[in-house]
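test case, fold it:
(chains A and B)
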Amino acid sequence: MDSNEAYSLIDADGQPRSKFTCALSDDELKRCFESMLSVRSFDDICIKLQRGGRIGFSIPNTGVEATQVGAAAALRDGDHIFPSYRDFGMALHKGVAAVEMFHNMFGNGRDAAQGRQMPVHFSFVEPVHFFSISSPIGTHIPQAVGAAHAFTMRGESHAALASFGDGGTSSCGFHSGLNFAAVMKAPVVFLCQNNGWAISCPSSRQTGSESYAIKAKAYGMPGIKVDGNDVLAVHQVVSEALERARSGEGPTLVEAETYRMGGHSTSDDPSKYVPKEILDHWAALDPIKRLRGYLESRDLWAQEWEDELVARLSAEHAAAAKEAEAEAPPGLETIFSDVFESLPDHLRKQGEAVFDLARRKGDAAAGEGAFPL
Amino acid sequence: MANLTLIQAVNDGLKAAMRDDPTTLVFGEDVGPKGGVFLATEGLTAEFGEERCFDTPLSEDGIIGTAIGMAANGLRPIAEIQFQDFIFPAFDQIVSEAAKLRYRSGGQYTAPMVIRTPYGGGIRGGLYHSQSGEAYFSHTPGLKVVIPSTPHDAKGLLIAAINDPDPVLFMEPKALYRSVKGEVPEGSYTVELSTLRTVREGKDVTVFCYGAMVPVVERAAATAAESGIECNIVDLRTLMPLDEEGVLEAAKSTGRVVTVHEAPRFCGYGAEISAMIAENVIEYMEAPIRRVTGFDTPFPNTLEHHYLPDERRVLDAIEAVHSF
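Numbers count the residues shown, from 1 in each chain, chains lettered A, B, ... in the order given. Predicted coordinates:
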């Protein structure tokens, strides 16, 4: 595969560009379609919740569903995902319950992280290792390499998938991660989701390189560019990269060309900097439309089936959001727990002082601050 | 018991931990066949193989980043940062990642790992081989900070740090690597973290110190004793989490306190000790608390002996708080 030509299996209408054997079963294909609809449904509800002032923040994933779902579909049980904050499609596809995600969106007491993180900064160990998300860019890339090396040390055939955006390739973590992985021959796949933007900065502001995939060459690993809105192509390319990893051949860099159709976040107004004609171009390449066309050509799609799916997902997500919203916030003591495994004296004292003050002067009032990014 | 230097004790501790726990591994720059620039990891590759003691690319960010991933996935990494002055490319990984991982995931992911690094002056290392950055790291919630001052403690605290479920920055006073020797038990043993060591008992002045300043303070105290001033010397050993009760008790016992560190003064560790005493037991104080520190300048090379607190400066402070 040529690193400058994006590998693609289906065209804008979902028709095969040339004859190929689909690696995904009929059920898996339909499941991918459902997951992509699920991402969009989850996105829609989160944006509405944010606009309604019920959650503070969300990160839209609309437009990049095929990259996330195609990559997630390529993973096997036991593989670890090291995600960026725009990757929740992977969690949904691997079976994380929407309500678990909404516990994080609302930062309630059933959130695994006890509301300590902003919305969309998920962390799961079941049903998939979806590593705790950090806001700083690229820090998780060398961490994925370390986790992958642990598989090697134990003689396990699992792999790690590190996912990041085009902006992430400018981080020191990208360089150190790829460099370490190549030297250590770590079983890791680097997935660069080139979605066109790093907040408001276009790809041309991230690199002078002719592509992101080509950077792999200098690190000493294969670099493959794939059509990120073609879920079948993403699945195939990531599967092959994972296979290389598992067989001890080392890491691969995959650049998925896709497009962020929404803002960076709910606090961002992309109309200020995204040209409309580019959005129109990418809207015509919508990943859901393309998979729908492919499924239809295989007699695996019907309008009623999709309508039923959309209605069910929408109802499920609305119910999950409602359930999460009704949960109590985390207990005050969770400010001080999980700093260390056991509570040191100075944190115990600081916690006791908080409770003592609340008894004497009443509870602290929540601020009205809105997140600017 | 063997009579070992501090660096030999570190090496002995690494070997003991690696023999006890097959998930431990040591890596960093030049730690493999060469055995590290100070020889802390000498013989590890020979005994444990390249899988468990290996050289990495020259990237502190990469060393700590990969260590976090290993720790989160079941290994016990012991990473070496060649000089503490070189740790700052990894500051993000230490502060934003290792230290926060347990908190931000509600304990779903943790980073039980040790970062060993030589710190401090006294070897004519200039700006970039001499710094004492403990204040940056003690200010970081979720990170433990340990500094030994004797061979016995170096080995025992190191093994305790390796066994600890949280990330530990283990700062080794390189000025003491070969200048102190002491009895070190064979095999594995631990010195509990967050415990103080009383170096010398005395009723007149309490001196808090750690790392390479401990022998300096001991010499000053010996001289002070000649003129009848008995110092109570406390080696803090673990800066975070600190045994605060122990510090307050030691301060109360004399009512006169000096803190000593080679790091710069402003927002230095001595300021925290001083504030802690002022907030909690000021009524026991008979004199203002004095800090003996490095200067608020970069670390000089030729004149490092003026920068580093020495016996004269410590003695001067002891006499000042005693005669107040």
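
any idea how many residues pack against residue 283?
As the question left the chain open, I've gone with chain A. Residue A:283 sits with 12 neighbouring residues when counted by other Cβ atoms under 10 Å in any protein chain shown. (Glycine included, C-beta is placed from N, CA and C.)

sorry, I should have been clearer: chain B.
7.

and it, what pLDDT?
On the pLDDT scale, residue B:283 is placed at 98.

and what of residue B:135?
Model confidence at residue B:135, expressed as pLDDT, equals 98.

where's residue A:38, which helix or strand?
Secondary structure assignment for residue A:38, by DSSP states H and E: helix A:26-51.

report all helices and strands that that helix contacts.
When contacts are defined as 3 or more Cβ pairs under 8 Å, 6 or more residues apart in numbering or on different chains; DSSP states H and E, helix A:26-51 packs onto helix A:65-74, helix A:88-93, helix A:98-106, helix A:231-246, helix A:287-297, helix A:303-326.

which residues does the helix or strand following the last one contact?
In the C-terminal direction, the helix or strand that comes right after helix A:303-326 (DSSP H and E) is helix A:345-361. By Cβ atoms under 8 Å, 6 or more residues apart in numbering or on different chains, the surrounding residues in contact with helix A:345-361 are A:332-333, A:335-336, A:339-340, A:343, A:364, B:241-245.

now the two most distant members of those.
A:364 and B:243 (30.0 Å; Cβ to Cβ).

the more surrounded of those two?
Each of residue A:364 and residue B:243 has its neighbours counted (other Cβ under 10 Å); residue B:243 has more, 21 against 10.

any figure for the gap between the most centrally placed residue in chain B and chain A?
The centroid of chain B falls nearest to residue B:147 when counting by Cα atoms, centre = their mean (1.7 Å). Distance, residue B:147 to chain A, by Cβ to the nearest Cβ, to the nearest Å: 17 Å.

ok, that residue - contacts?
By Cβ under 8 Å, 6+ apart, the neighbours of residue B:147 are B:119, B:134, B:170-173, B:210-211, B:236-239.

backbone dihedrals for it, please?
phi -140, psi 110 (degrees, to the nearest 10).

tell me the pLDDT of it.
Residue B:147 is given a pLDDT of 99.

residues near the closest residue to chain A within the stretch 151-300 of chain B, how many?
Residue nearest to chain A within the stretch 151-300 of chain B (Cβ to the nearest Cβ): residue B:241, separated by 3.6 Å. Burial measure for residue B:241: 20 neighbouring residues, criterion other Cβ under 10 Å.

thought it was touching residue B:194?
Yes: Residue B:241 lies in contact with residue B:194 (Cβ atoms under 8 Å); the separation is 5.1 Å.

what sits in contact with each of the two?
Taking Cβ under 8 Å, 6+ apart as the criterion, residue B:241 and residue B:194 both touch residue A:344.

so which residues of the stretch 101-250 of chain B form strands?
B:114-119, B:144-146, B:168-173, B:181-184, B:197-200, B:205-209, B:231-235, B:238-240 (DSSP state E, counting those that start in this stretch).

contacts for stretch B:150-160, please.
Looking at what lies outside stretch B:150-160 - Cβ under 8 Å, 6+ apart - the contacts are B:4-6, B:8-10, B:12-14, B:16-17, B:114, B:116, B:146, B:148, B:170, B:172, B:180-185, B:188-193, B:197, B:214, B:235, B:237-238.

which intervals of the stretch 1-150 of chain B have sub-threshold pLDDT?
Residue ranges of the stretch 1-150 of chain B with pLDDT under 70: none are present.

which residues of it lie near chain A?
By Cβ under 8 Å from any Cβ of the partner chain, the residues of the stretch 1-150 of chain B that approach chain A are B:23, B:25, B:51, B:56-57, B:59, B:61-62, B:64-75, B:77, B:89, B:92-93, B:96-97, B:100-110, B:141-142, B:144.

please pick the buried ones from those residues.
Buried by 16 or more other Cβ atoms under 10 Å in any protein chain shown: B:23, B:25, B:56, B:59, B:61-62, B:64-73, B:75, B:77, B:89, B:92-93, B:96-97, B:100-110, B:142, B:144, out of these.

per-domain residue ranges of chain A.
A:26-326, A:332-366 (automatic domain parsing).

check the ones you listed for me and report the most buried one.
domain A:26-326 (a mean of 21; mean count of other Cβ atoms under 10 Å in any protein chain shown).

list the buried residues of the host helix or strand of residue B:276.
Here residue B:276 sits within helix B:269-281, counting by DSSP H and E. Neighbour-count burial for helix B:269-281 flags B:269-274, B:276-277, B:281 (criterion: 16+ other Cβ under 10 Å).

could I get the CA-only coordinates of it as PDB?
What follows is helix B:269-281, C-alpha atoms only, in PDB (Å, rounded to 0.1, in the frame of the first residue of the first chain):
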ATOM      1  CA  TYR B 269      10.500  22.600  51.400                       C
ATOM      2  CA  GLY B 270      11.700  24.500  54.400                       C
ATOM      3  CA  ALA B 271       8.900  27.000  53.900                       C
ATOM      4  CA  GLU B 272       6.300  24.300  54.200                       C
ATOM      5  CA  ILE B 273       7.900  23.000  57.500                       C
ATOM      6  CA  SER B 274       8.000  26.500  58.800                       C
ATOM      7  CA  ALA B 275       4.400  27.200  57.900                       C
ATOM      8  CA  MET B 276       3.300  23.900  59.400                       C
ATOM      9  CA  ILE B 277       4.900  24.700  62.700                       C
ATOM     10  CA  ALA B 278       3.600  28.300  62.700                       C
ATOM     11  CA  GLU B 279       0.100  27.200  62.000                       C
ATOM     12  CA  ASN B 280       0.000  24.400  64.500                       C
ATOM     13  CA  VAL B 281       2.500  24.900  67.400                       C
END
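
what packs against that helix?
helix B:134-138, helix B:244-254, strand B:257-260, strand B:290-292.
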